[in-house]
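In: structure here, sequence nowhere to be found:
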């Protein structure tokens, strides 16, 4: 592991422990050349997952796209970054537990909406309006009525 401060290859692990999510290992490292400490995270590499988009194009799964969509939906809402990370972790766990090599983006969107619906109503409606491509106010109102009926 290269030191982020001096780029030396001479670093060593001084402490290892499970990270908060229990899905990765947090390692404290020490650079033998400059003496500075830094943290790295080690995560199990999974089989590459391919997402099938609405237009049938295929691209490699990218967690940051889910995070970005959820962050936009939760903008200026009383939702902590920890809650957002937990939501994305739960969605990712469900996706990988399917053990499929290819997964439609529509399934990912539905999983995110289910989680957002339980977390915060306004964030859910924001995400759903973009995801379901609401064409007019009537479509928007019908989605709100569904939420109010439940």
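Out: Done, it's in. The shown structure was predicted, so the numbers you read here are calculated from the model rather than taken from an experiment. Residues are numbered from 1 along each chain as shown.
In: would you agree residue 42 falls within a strand?
Out: Yes. Assessed by DSSP: H, G, I helix; E, B strand; the rest coil, residue 42 belongs to a strand.
In: begin at 529 from here
Out: New numbering, starting at 529: the last item is residue 570.
In: all helices of this structure, in order?
Out: Counting by DSSP state H, the chain has these helices, from start to end: 591-601, 609-625, 633-647, 649-659, 665-677.
In: ok, which of these comes nearest residue 555?
Out: Residue 555 lies closest, by Cβ to Cβ, to one member of the helices of the chain: helix 609-625, at 19.8 Å. C-beta: built from backbone N, CA, C; applies to glycine.
In: dump the helices of the chain into JSON lines; add mean pLDDT and distance to residue 553 as well.
Out: Putting the helices of the chain into JSON lines (pLDDT from 0 to 100; distance: least, Cβ to Cβ, whole Å) gives the following:
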{"stretch": "helix 591-601", "mean pLDDT": "95", "distance to residue 553": "18"}
{"stretch": "helix 609-625", "mean pLDDT": "93", "distance to residue 553": "16"}
{"stretch": "helix 633-647", "mean pLDDT": "94", "distance to residue 553": "26"}
{"stretch": "helix 649-659", "mean pLDDT": "88", "distance to residue 553": "32"}
{"stretch": "helix 665-677", "mean pLDDT": "78", "distance to residue 553": "40"}
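In: need the contact list for the residue of the chain most remote from its centre.
Out: Farthest-out residue of the chain from its mean C-alpha position, per Cα atoms, centre = their mean: residue 561, at 35.9 Å. By Cβ atoms under 8 Å, 6 or more residues apart in numbering, residue 561 lies in contact with 531, 534, 536, 538.
In: hmm, which two among those are most spread apart?
Out: Using Cβ to Cβ, the pair of the contacts of residue 561 lying farthest apart is 534 and 538, separated by 9.4 Å.
In: overlap of the contact sets of the two?
Out: Contact criterion Cβ under 8 Å, 6+ apart; residues shared by residue 534 and residue 538: 559, 561.
In: give me the most central residue, the protein.
Out: The centroid of the chain falls nearest to residue 616 when counting by Cα atoms, centre = their mean (3.6 Å).
In: surely that residue touches residue 598?
Out: Yes. Counting by Cβ atoms under 8 Å, residue 616 touches residue 598, with 6.2 Å between them.
In: since that was my last question, I'll sign off now.
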